[in-house]
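Colleague: Requesting a structural model of the entry that follows:
(chains A and B)
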Number of protein chains: 2
Amino acid sequence: MLQSTAIAQVYLEKLPILGAEGGAVLPLYKPGTAMHSYLEEKKIHLVEIYFSEIEAHAVKAWKRHRLQQGLFCVPRGLLRLVLYDTRPKSPTYGRVASFSLGRPDKYCVLTMPPMIWYGLACEGETPALLCNCIDRPHDPKECETLPKDTDQIPYSFSNISQ
Amino acid sequence: MLQSTAIAQVYLEKLPILGAEGGAVLPLYKPGTAMHSYLEEKKIHLVEIYFSEIEAHAVKAWKRHRLQQGLFCVPRGLLRLVLYDTRPKSPTYGRVASFSLGRPDKYCVLTMPPMIWYGLACEGETPALLCNCIDRPHDPKECETLPKDTDQIPYSFSNISQ
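Modeller: Sure, this is the predicted structure:
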């Protein structure tokens, strides 16, 4: 089942971690899930996949896409994802929300619409791995960045020791 | 560029690991790559994604799909992938081949055709993570398994301490 979150159009679906001899199996995306139905309904087609590793105690922030939509999943480690909604027509315009994504209890997929600033911080002592499935080829021209200590976003990563 | 391997129709493409502040970025699948062109040409459409973790010193073996095709990638750790070609018409019928896939020097994507037995072993002291993108929804009915110490496959994982 898709869950609404504090940010409009950011949905998440909890996923099972399947125990298996030698190591767990973790589904990310599959026909029959609520997330698959949602993306089909919205005609969002995933065409590119990449990983972004966040080292222990590291922060990667901030980034905003004008067009690109993503599907986030954290198959290793635990990640803090912070969002700042700057979509003028959004019912959650101006809101900041923080999510923990990853192992062992928060394994899920999460939709990442365009025009939302996002930042990532590794929670825990092992690197976290973000898998991002996106709906268009990566294009640096449609991507904006701000430094992690910017005054333009009302959130501080200072409690992450670096 | 796609590289041929010791097993017919098993191709690999080396991928870059992009250094970035806070942690590396690792592309898996994207338009413009040789692997993307190959899958387009073969009309192989990836519809499902899952991860399989292989714990340090663990082995997951053996498995064979009758229909399912996959695209393997190892974004964390280092994995030994062993293949045994049992396709009667294959020019490499009966051949066993072993590959190291993963970090830091062997980051790549690899095509996994049906009717090849495969086994996975973690090389190294940290768990390895396999990402498998497949061309049809997972169906246990088209999948066969054998125990890792079977006599039917001329390969022994006994040098992996468990």
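
Colleague: Report the central residue of chain A.
Modeller: A:Phe72 (4.0 Å; CA atoms, centre = their mean).

Colleague: Phi and psi next, for A:Gln152.
Modeller: Per-residue torsions, A:Gln152: phi -80, psi -10 (degrees, to the nearest 10).

Colleague: How about the residues of chain A by chain B?
Modeller: Proximity of chain A to chain B, by CB under 8 Å from any CB of the partner chain, involves residues A:20-32, A:47-55, A:58-60, A:75-76, A:120, A:122, A:127, A:129, A:131, A:133, A:137-138. From N, CA and C alone the C-beta is placed, and that goes for glycine too.

Colleague: Chain A: helices as residue ranges?
Modeller: Using DSSP state H, the helices of chain A run over residues A:34-41.

Colleague: Any regions of it where pLDDT drops low?
Modeller: Low-confidence segments of chain A, defined by pLDDT under 70: A:159-162.

Colleague: mind listing what A:Lys14 touches?
Modeller: Residues in contact with A:Lys14 (CB atoms under 8 Å, 6 or more residues apart in numbering or on different chains) are A:Gln3, A:Tyr107, A:Cys108.

Colleague: ok, now how distant is the second one from A:Leu78?
Modeller: This means A:Tyr107. Relative to A:Leu78, A:Tyr107 is positioned 10 Å away (CB to CB, to the nearest Å).

Colleague: same thing with the first one?
Modeller: In this structure, A:Gln3 lies at 18 Å from A:Leu78, with CB to CB as the measure.

Colleague: more crowded one of these two?
Modeller: Higher neighbour count among A:Gln3 and A:Leu78: A:Leu78, with 21 against 12, using other CB atoms under 10 Å in any protein chain shown.

Colleague: Look up which residues are beta-bridged to that one.
Modeller: A:Gly102, A:Glu123 (DSSP bridges).

Colleague: any idea how far A:Ala128 is from it?
Modeller: 6 Å.

Colleague: between those two, what contacts are shared?
Modeller: A:Gly102, A:Cys122.

Colleague: Give me the outermost residue of chain A relative to its centroid.
Modeller: A:Glu21 (29.1 Å).

Colleague: A:Cys143 is in contact with A:Gln68, correct?
Modeller: Yes - judged on CB atoms under 8 Å, A:Gln68 makes contact with A:Cys143 at a distance of 7.3 Å.

Colleague: Of those two, which one has the most company?
Modeller: A:Gln68 (19 against 13).

Colleague: mind listing what that one touches?
Modeller: A:Gln68 neighbours (CB under 8 Å, 6+ apart): A:Pro114, A:Ile134, A:Asp135, A:Arg136, A:His138, A:Asp139, A:Glu142, A:Cys143.

Colleague: run the last query once more with 6 Å
Modeller: A:Gln68 makes contacts with A:Ile134, A:Arg136, as judged by CB atoms under 6 Å, 6 or more residues apart in numbering or on different chains.

Colleague: Then A:Ile7?
Modeller: A:Leu83, A:Asp85, A:Thr92, A:Ala97.

Colleague: Find the pair from those with maximum spatial separation.
Modeller: Greatest spatial distance among the contacts of A:Ile7 (CB to CB): A:Leu83 and A:Thr92, at 9.2 Å.

Colleague: between those two, which one's more packed in?
Modeller: A:Leu83 (23 against 17).

Colleague: can you pull up the bridge partners for the more buried one?
Modeller: A:Ala97, A:Tyr118.

Colleague: can I get the contacts of A:Ile7 in CSV with distance to A:Asp149?
Modeller: CSV is the format used below for these (distance: CB to CB, whole Å):
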residue, distance to A:Asp149
A:Leu83, 18
A:Asp85, 20
A:Thr92, 24
A:Ala97, 20
